[in-house]
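Q: Coordinates for the following, if possible.
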Amino acid sequence: MNQHQSINHALSKATTSWQLVVLGAIVGLISACAIVAMRLTYEQIQLYFNLGQHDSFDDDGQFLRSLAPLVGAIIILFIAFISHQKYHRMGIPFVLHRQRKYYGFIPIGNTINQFFSAIAALASGFSVGKEGPAVHVGAGCASFLSQTLNIPHNASRILTACGMAAGISATFNAPLAAVVFVLEVVLQQFRIHLFLPVMVASLIGSAISQQFFGNTHEYAHIALTTIKLDSIAPLIVLGVIVGIAATLFNRSLLAVMKASSSWSMSIRLPLAGIIVGAIAWFVPNVVGTEAGALAIAFSEQPELSFILMVLVGKFIATVCALGLGIPGGVIGVLYALGALLGSVVVWSIMPYFPELSPYASMAIIICMIALMASSLNAPLAALVAILEISEQAAIIFPSLLVVVPAILVAQQVFGLKSLFLEQLDFQKLAYKTAPVYNTLQDTGVLSLLRRKYHCVNQLTDDTKTYISKPTLIQPDGALVYFAPHSIEPLPVLYTNDTLADVYHQLAPNRNGYVLIIDKNKEQLVGFVTWRSLSKHLHTEYE
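A: As a prediction, the model looks like this:
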């Protein structure tokens, strides 16, 4: 084997390898640079046109602030027009679909469309999260690298996950939460060989981001107070409220998507710009991802009616922007809505329960991540996120008191699924895979490849007498038949396919062979048998 074949053979196994870790590091570097470039671009656009700074639009002129979303919508529409709307599906749900059904391969045109559309959406002040485009761009960079190097598809899935982790890490400066989010929400499996490459990519994503935007966590200053027994019940009640709010958000967003599904993009996008611009005319704090709203939520002794107005405005602006098709994420705006909700609840009851005042800031930040946890069904990622952004381990216990009842209420009472899965169901994008396929997708065909075989031009009676191993028959130089068990055409796969593809070919008969061809050279390199595949499956499920 040459060096490229040796590397692909190592990558085809469902084990940790230095080759996979190195590729994960490269993906993390490329993805982080692309995301930093995207963020610097839209921030510079905001500064150039006096549209605010650091995602805060409250200092803008009223007319400019209201006009910007409509202009941004028109630019997004123009980008869709020049790409003939071929790559209009974007965001985390689309990446999930490609990850589950296409080994994480994402068309490069789709990634480019997401990059520039996200810049337009974020620069113009739409109430959408910046992590959605970051995840898509990171996954797209990983996919492009995988296709360029022609590596096994099982490794491509892992590299796509690495790109997603680097995107989240570079966005929130939370490398561990990014790893957990990818494993919990995207891959939905915690296998040892996945950890190291995803962790390295996330670490590099955070390191690159810190070089440009600093190593800060904005909520590390929040003081935590020891939870007393009489404070447990209010936190549980707060969790119930958050669960109801998560249900309302998911159902409202899906309702807007369904109501506008028959409208063309030329109607939906400008309408989103008009609605967000109209809200921004009266409430500037709703514009942007989360910075302006979070500044209000964590302010000292805020006016309750004002917080409530910002909460309602932010809710409507977010649901309309995302529901009408503006490209963007949802995590950042869920943080903002959760913090605003927590602030409204906390300052509503504070006059009646002044003894709870030491817990005010802590309750608000917990609501911030609890709404995300219950809306996306990502409790572990949410808990790790709050640990990283607060830099205080003591916050885990009170967070559990809110997150657990929030998810129970959302799922058990209202039957809520993850928002990402609900969006995939609505868009009719497949994401479910049978457990056996999910297991076999982790391993490439090269790991079970048999290379010993005879090759003859035709099978004669004399040849049959000395057959001791499978024999390939090549009439006129074509790869057509295999012996000795049967003389019949055999399915062909390529060296970068996975055992799931072998299973798909051989499962109907539970017997046979699959020829493995080098795609670049169109040359036979070996075969995989049903017997070896069956043995591998039994080993996996022992």
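Q: how about the residue nearest to the spatial centre of the chain, what does it touch?
A: Of all residues in the chain, the one closest to the mean position by CA atoms, centre = their mean is I92, 4.4 Å from it. Contacts were defined as CB atoms under 8 Å, 6 or more residues apart in numbering; by that measure I92 touches 132, 135-136, 329-330, 420. Backbone N, C-alpha and C define where each C-beta goes, glycine included.
Q: Just those: which are in strands?
A: Using DSSP state E, no member of the contacts of I92 falls within strands.
Q: quick check, nearest of those residues to I204?
A: For those, the minimum distance to I204 (CB to CB) is 15.7 Å, reached by V135.
Q: Give the other helices and strands that the helix or strand where I26 lies contacts.
A: Per DSSP states H and E, I26 falls inside helix 18-48. Using 3 or more CB pairs under 8 Å, 6 or more residues apart in numbering; DSSP states H and E as the contact test, the elements touching helix 18-48 are helix 3-11, helix 108-123, helix 131-149, helix 153-172, helix 192-213.
Q: Enumerate the positions of that helix that are buried.
A: 19-21, 23-36, 38-39, 41-43, 45-46 (16 or more other CB atoms under 10 Å).
Q: what angle do it and helix 192-213 make?
A: On the basis of axes from the mean of the first three to the mean of the last three CA atoms, to 10 degrees, helix 18-48 is oriented at 30 degrees to helix 192-213.
Q: Let the chain start at 277 from now.
A: Got it, the first residue is 277 from now on, which makes the last one we talked about helix 294-324.
Q: Just after helix 294-324, pick out the following helix or strand.
A: Counting by DSSP H and E, the next helix or strand C-terminal to helix 294-324 is helix 338-358.
Q: Averaged pLDDT, the helix or strand following that following helix. What do you get?
A: Along the chain past helix 338-358, the next helix or strand (assigned with DSSP H and E) turns out to be helix 368-377. Taken as a whole, helix 368-377 has an average pLDDT of 90.
Q: how far does helix 368-377 sit from the chain's center?
A: With CA atoms, centre = their mean, to the nearest Å as the basis, the distance from the averaged C-alpha position of helix 368-377 to the chain average is 8 Å.
Q: One more: stretch 778-789?
A: Offset of stretch 778-789 from its chain centre (CA atoms, centre = their mean): 33 Å.
Q: export it as CSV, just CAs?
A: Backbone C-alpha positions of stretch 778-789 (Å, rounded to 0.1, in the frame of the first residue of the first chain) are rendered in CSV as follows:
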residue,chain,number,x,y,z
VAL,A,778,-22.1,-3.3,2.1
TYR,A,779,-25.0,-4.2,4.3
HIS,A,780,-27.5,-2.5,2.0
GLN,A,781,-26.2,-4.6,-0.9
LEU,A,782,-26.0,-8.0,0.8
ALA,A,783,-28.7,-7.9,3.5
PRO,A,784,-31.6,-9.1,1.2
ASN,A,785,-29.8,-12.5,0.6
ARG,A,786,-27.7,-12.6,3.7
ASN,A,787,-24.9,-13.9,1.6
GLY,A,788,-22.4,-13.0,-1.1
TYR,A,789,-19.6,-10.6,-1.9
